[in-house]
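**Student:** okay, here's the prediction I keep looking at, along with the sequence it came from:
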Amino acid sequence: MDADTREALAQRIELATPDEQISGIFCENTFLAIREHLGREQADRVRASTWPLRPWVGVQRYPVADLLRMVGAAADLIEKQGELSYAQALEELGGWVTRITQGTPFSRAAHLAVGNDPHERLALSQSSARVLVTYGERKYEREGPTHARLLWKRELMGPSFLLGAYTAIAQGIPGVHITVTLGPCRSPGMNFQLHCSW
């Protein structure tokens, strides 16, 4: 699988269980990213058509399938604007969500604690996902002084969204240029790797 697709995202929604959940703060940040791309009116319509009638509470968790429906609908509309493919729209949303999340006091404090070493920052980002999600397996592998591999199993957000997220994380590390590329990815995009080099 080279790029995420509508069909792959639909399969991930079907495979997601009610126990596989994601934090309310991540849901809210995703909605803010959608609003950046589509504007308030369209974003509100996407939310109304895909999200159950309940508000987000940052400290609560919600079924990731609900968030995936909202992200998929937003990616459809972004693609219809004609500038990005569906996979690129998912990637762009992943980057925006990450930039919003990195601006929180908790994220800034965590970055100060580990400093600007790329290995430390990337490994922290991979391990801190447990704060946000109840599903999946994540592993960070240091492959050399300037290379790393990030591995996911049962990651429901998918490869394009995470490629965008980790590209944004890499861009946020000062003093180094990190290239993030998608490695092996099995359909429907739940088991995949990202490679980072600098």
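**Tutor:** Cool, got the structure. Numbers count the residues shown, from 1 in each chain.

**Student:** can you give me the helices in this structure?
**Tutor:** In the chain, the segments counted as helices under DSSP state H are 6-15, 24-50, 64-80, 86-102, 105-114, 118-127, 159-171.

**Student:** packing partners of the third one?
**Tutor:** If contacts are counted by 3 or more CB pairs under 8 Å, 6 or more residues apart in numbering; DSSP states H and E, helix 64-80 sits against helix 6-15, strand 21-23, helix 24-50, helix 86-102. (C-beta placed from N, C-alpha, C; glycine too.)

**Student:** show me what the longest one is packed up against.
**Tutor:** Helices and strands touching helix 24-50, as assessed by 3+ CB pairs under 8 Å, 6+ apart, comprise strand 61-63, helix 64-80, helix 86-102.

**Student:** most tightly packed of these?
**Tutor:** Most buried of the helices and strands packed on helix 24-50, by mean neighbour count (mean count of other CB atoms under 10 Å): helix 86-102, with a mean of 23.

**Student:** about what we covered before: as a markdown table, the helices and strands packed on helix 24-50 with mean pLDDT and distance to Ile34 would be great.
**Tutor:** Below are the helices and strands packed on helix 24-50 laid out as a markdown table (pLDDT from 0 to 100; distance: least, CB to CB, whole Å):
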| stretch | mean pLDDT | distance to Ile34 |
| --- | --- | --- |
| strand 61-63 | 96 | 16 |
| helix 64-80 | 97 | 4 |
| helix 86-102 | 95 | 7 |
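
**Student:** which of these sits closest to Arg154?
**Tutor:** Arg154 lies closest, by CB to CB, to one member of the helices and strands packed on helix 24-50: helix 64-80, at 10.7 Å.

**Student:** with just CA atoms, put the closest one into CSV.
**Tutor:** What follows is helix 64-80, C-alpha atoms only, in CSV (Å, rounded to 0.1, in the frame of the first residue of the first chain):
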residue,chain,number,x,y,z
VAL,A,64,-11.8,6.4,17.4
ALA,A,65,-14.3,5.3,14.7
ASP,A,66,-16.3,8.5,15.3
LEU,A,67,-13.2,10.6,14.8
LEU,A,68,-12.2,8.6,11.6
ARG,A,69,-15.7,9.3,10.1
MET,A,70,-15.2,13.1,10.7
VAL,A,71,-11.6,13.0,9.3
GLY,A,72,-12.7,11.0,6.2
ALA,A,73,-15.5,13.4,5.5
ALA,A,74,-13.2,16.4,5.8
ALA,A,75,-10.6,14.8,3.6
ASP,A,76,-13.3,14.3,0.9
LEU,A,77,-14.1,18.0,1.0
ILE,A,78,-10.5,19.1,1.0
GLU,A,79,-9.8,16.8,-2.0
LYS,A,80,-12.8,18.4,-3.9
